[in-house]
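> Sequence plus the predicted model coming up.
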Amino acid sequence: MSDDTRKKDVLQPTTVEVIRQAKTIVRTARFAAIATVEPGTGWPICSRVGVSTDSDGAPVILISRLAAHTGALLAEPRCSLLVGAPGKGDPLAHARISIACEAREIDRDSTDHARLDARYLAHQQKAQLYSGLPDFRYFRLEPRSASLNGGFGKAYALAGADLLTAVPASPEIAEAEAGCLAHMNEDHAEAVGLYAEHFAQASKGKWKLVGVDAEGLDLVDGDTVRRVWFDSPLTSAKDMHMTLVRMAGEARRALDLPLRDARSAR
C-alpha cells in the first residue's frame, strides 16, 4: 500500500458539519501557536500569539516588531497556525486545526487596519493596553489549506477557502458590525444573554456580543467564548437587524419569557 493510499484511508470525508466545526474553532479562538521560518538559519521557530478573525474568518494576529516571529513573517510570509484549546483530560482528545497560511502585514493607515483593530479589540479587550503602540502591527493570515483533527480517528483535510465566509453581503455586514455590537451590548444586553443561554446552551452570565458576520455571531463572558450559527447566511445589514430581533423572540419563547425586548429591539 502506497503512502498516498494510507493517507487517504486515515482521512474522513469533509462534510458541511466538519467545515462548520473548523470555522467555529477558529472564530472562537483567543490564542494559537504560530510556526515560522527563522531568517538566516532556515530553522522553524514557534511561538504563542493572540488571535482573532477578520470578518470573513481569516485569522488575524497583532504582534510587535520586536518579536522574532515578526521578522520571520516579513522575510518569509508562509507560516502555520495551530488553533484549538485543550480541555480536561487528554489534550490530544480535543479538536484542533493546523492552518497553512500566507501572512500579510496591514498598514496602520489603511481602512483594513481600522476594521481589524475594532474586531480584534472586541475579542481581545486586554490588547487595548498595547494595540496603539507604534511597533505593533496586524497581520492577516490568508488560509491556503488546513488539517482538522477532531480527536482520535477524526482527521480531515480542508481547503483554505473552506475556512472563509464567501457571502455577497459580507462587506455590508462588516461595515455595520461595530454599530450593531454597541447597540446590542448597551441597549439589549438581556437579549445578548438569551442568545448565549438558548442558542449556545451556555450558563447565565455577563455575556457580550463581540462579533457578527454573515454566518453567525460570537459571544464572550470572561474567558468563555461561544459561537452561534444563523439558520441561513445574512443577505444584508437590514437582514442582520431583523435576524437578531427574531432570535431574541425565539429565545424568549423557548425560555418561556415575555416578548417585550424582542419588540423593543426594533
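Noted; the coordinates are in hand.

> which ones are touching residue 228?
In this structure, residue 228 makes contact with 195-196, 199-200, 216-219, judged by C-beta atoms under 8 Å, 6 or more residues apart in numbering. Yep, even glycine has a C-beta here, placed from its N, CA and C like the rest.

> Dig out what it forms beta bridges with.
Judged by DSSP bridges, the bridge partners of residue 228 are residue 217.

> returning to that earlier point: by neighbours, which of the contacts of residue 228 wins?
Neighbour counts for the contacts of residue 228 were taken using other C-beta atoms under 10 Å; the highest belongs to residue 217, with 28 neighbours.

> That residue contacts residue 211, doesn't it?
Yes: contact status for residue 217 versus residue 211: in contact at 6.4 Å, counting by C-beta atoms under 8 Å.

> in stretch 63-79, what's buried?
Of the residues in stretch 63-79, those buried under the neighbour-count criterion (16 or more other C-beta atoms under 10 Å) are 63, 67, 69-70, 72-73, 77, 79.

> cool, stretch 91-99 as well?
Of the residues in stretch 91-99, those with enough neighbours to count as buried (16+ other C-beta under 10 Å) are 94-99.

> Look at residue 36 and say how many residues are nearby.
Residue 36 sits with 24 neighbouring residues when counted by other C-beta under 10 Å.

> now do residue 126
Other residues near residue 126 come to 10 when the count uses other C-beta under 10 Å.

> per-residue confidence at it?
With respect to pLDDT, residue 126 scores 93.

> what's the spacing between it and residue 62?
11 Å (C-beta to C-beta, to the nearest Å).

> Residue 103 is in contact with residue 138, isn't it?
No: counting by C-beta under 8 Å, residue 138 is not a contact partner of residue 103; they are 10.3 Å apart.

> all helices for the stretch 101-250 of the chain, in order.
Applying DSSP state H, counting those that start in this stretch to the stretch 101-250 of the chain gives helices spanning 111-123, 170-187, 189-194, 237-254.

> most tightly surrounded among those helices?
Among these, the stretch with the highest mean neighbour count (mean count of other C-beta atoms under 10 Å) is helix 189-194, at a mean of 20.

> Point out the other helices and strands that it packs with.
Other elements packing on helix 189-194 under the criterion 3 or more C-beta pairs under 8 Å, 6 or more residues apart in numbering; DSSP states H and E are helix 170-187, strand 208-212, helix 237-254, helix 260-264.

> average pLDDT for that helix?
Helix 189-194 shows an average pLDDT of 96 in the prediction.

> where does the stretch 1-150 of the chain dip in pLDDT?
Applying pLDDT under 70 to the stretch 1-150 of the chain flags the ranges 1-8.

> May I have the residues that are in contact with residue 53?
Applying C-beta under 8 Å, 6+ apart to residue 53 gives the contacts 26-27, 59-60, 119, 123, 211.

> out of those, who's nearest residue 151?
residue 26 (17.1 Å; C-beta to C-beta).

> The closest one touches residue 54, doesn't it?
No: contact criterion C-beta under 8 Å: residue 26 and residue 54 do not qualify, at 10.7 Å.

> from memory residue 181 sits against residue 213, does it?
No: shown here, residue 181 and residue 213 do not form a contact pair, counting by C-beta under 8 Å, at 11.6 Å.

> any shared contact partners between those two?
Where contact means C-beta under 8 Å, 6+ apart, no residue is in contact with each of residue 181 and residue 213.

> follow-up on the earlier one: would you list the helices of the stretch 101-250 of the chain in a markdown table and tack on distance to residue 36?
Below are the helices of the stretch 101-250 of the chain laid out as a markdown table (distance: least, C-beta to C-beta, whole Å):
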| stretch | distance to residue 36 |
| --- | --- |
| helix 111-123 | 20 |
| helix 170-187 | 28 |
| helix 189-194 | 37 |
| helix 237-254 | 36 |
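
> And the strands in the chain?
Under the criterion DSSP state E, the chain carries strands at the ranges 31-37, 44-50, 52-53, 59-64, 78-83, 96-105, 136-149, 155-159, 208-212, 216-221, 224-229.

> Nearest to residue 113 among the ones you listed would be which one?
Comparison of the strands of the chain against residue 113 by C-beta to C-beta identifies strand 136-149 as nearest, at 6.2 Å.
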